[in-house]
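Participant: generate a structure from the sequence data that follows.
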Amino acid sequence: MKTSDNLVSIIMPVRNGEHIVEDTLLALLDQTYSEIEVIVVDDNSSDNTFKALRRVRRKDKRVSISQNVKTYGLSITLNRALKKAKGQYIAFMNMNDSNSLERIKRQVLYLKRHPKVVAVGTQAFFLDEAKRRIGKSEFPTEHHQISKNLLTGTAMQLESVMINRYLLPKDILKFDHQKFPDLYRSLFMKMISFGDFANINEHLYYRSPKDNHLEELRLQVINHVALWTRAWFTHENRPSFQSLFSPLNSKVRSSLN
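Facilitator: Numbering: from 1, shown residues only. Predicted coordinates for the structure are as follows:
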């Protein structure tokens, strides 16, 4: 598929979000950077999510929608969205989260000014169930700090990342079949050989809480150890030994709260 210079393809997987997805999309379409396409793939929702997507699509043709015939999971849904992306830049969005209206513009400008940066994230505000701010990130901004801690929860807000796909081979932009958040980290570990990583030191992403379940925690721990081991032996930018343990501790703490 031919890509388009300056276009940002925003990838948004959804499932069972009829009460929130329309507001999330309409807010996203209000970004001050207007040269965007929003690619939404519904992972076979059991509610009226797809009807809500159709309403938004009728209002703004920059939105592309499709629906899986059965529930495939996050990695396949993300990959299906990526195949439709035509933009030079790839951004991500979680249907439960929100952005500053300047997020996309600031990231595009950053990537244009830093041609060796393959991926740039932002700082994030953390919200409670009532959408009140309860904390904020202090992620590192420089590549050498991010690369050593990419497998932890202390390096980047994963869904805030924007990618310059022109710096990547075509076959790199594909998610492995892993659980969140390791599917993002696995992709980023593959990308890090082709350019620098950075974070804009502004809080442009608003992160909503996620439910944590013990079974999901167990699978995430297993996936994380496997991912860390593979990254250590196959990538030039090896993760730190601390990164093997710190995300596991944070996951355990979050599951007990």
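Participant: so where do the helices sit in the stretch 101-250 of the chain?
Facilitator: Under the criterion DSSP state H, counting those that start in this stretch, helices of the stretch 101-250 of the chain are mapped to 103-113, 143-148, 182-191, 214-234, 242-256.
Participant: mean pLDDT lowest where, among the ones you listed?
Facilitator: With a mean of 46, helix 242-256 has the lowest mean pLDDT of those.
Participant: okay, now Tyr33: neighbour count?
Facilitator: As a burial measure, Tyr33 scores 17 neighbours (other Cβ atoms under 10 Å). In short, each C-beta sits where N, CA and C put it, glycine included.
Participant: and if you look at the one 4 residues further on?
Facilitator: Applying the criterion other Cβ under 10 Å, we find 18 residues in the vicinity of Glu37.
Participant: next one: Asn201
Facilitator: By other Cβ under 10 Å, the residues close to Asn201 number 11.
Participant: just to check, it is in contact with Gly121?
Facilitator: No. With contact defined as Cβ atoms under 8 Å, Asn201 does not reach Gly121; the gap is 10.5 Å.
Participant: am I right that Leu158 is in contact with Pro181?
Facilitator: Yes. Between Leu158 and Pro181 there is a contact at 5.5 Å, judged by Cβ under 8 Å.
Participant: more neighbours: which of those two?
Facilitator: For Leu158 and Pro181, the more surrounded residue by other Cβ under 10 Å is Leu158, and the numbers stand at 22 against 18.
Participant: quick one: the more buried one from Leu150, how far?
Facilitator: 10 Å (Cβ to Cβ, to the nearest Å).
Participant: now do the shared contacts for those two.
Facilitator: Counting by Cβ atoms under 8 Å, 6 or more residues apart in numbering, the residues touching both Leu158 and Leu150 are Arg185, Phe188.
Participant: neighbours of the closest residue to Arg185 other than its chain neighbours, how many?
Facilitator: Closest residue to Arg185 apart from its sequence neighbours, by Cβ to Cβ, 6 or more residues apart in numbering: Leu151 at 5.5 Å. With neighbours defined by other Cβ under 10 Å, the count for Leu151 comes to 25.
Participant: got phi/psi on Leu151?
Facilitator: phi -90, psi 0 (degrees, to the nearest 10).
Participant: could you do Leu53 as well?
Facilitator: Torsion angles at Leu53 (phi, psi; degrees, to the nearest 10) stand at phi -60, psi -40.
Participant: hey, where'd the strands end up in this protein?
Facilitator: Assigned by DSSP state E, the chain shows strands spanning 4-14, 36-42, 63-67, 87-92, 98-99, 117-127, 133-136, 162-164, 196-207.
Participant: which of those strands sits most buried?
Facilitator: Comparing those by mean neighbour count (mean count of other Cβ atoms under 10 Å), strand 162-164 ranks first with a mean of 26.
Participant: closest one to Arg55 among the strands of the chain?
Facilitator: Closest approach to Arg55 among the strands of the chain is made by strand 63-67 (10.1 Å; Cβ to Cβ).
Participant: which outside residues touch that closest one?
Facilitator: Contacts for strand 63-67 (Cβ under 8 Å, 6+ apart): 25, 29, 37-42, 44-45, 50, 53-54, 56-57, 80, 84.
Participant: partner strands of that strand and their direction?
Facilitator: Strand 63-67 has the following strand partners under DSSP bridges: strand 36-42 (parallel).
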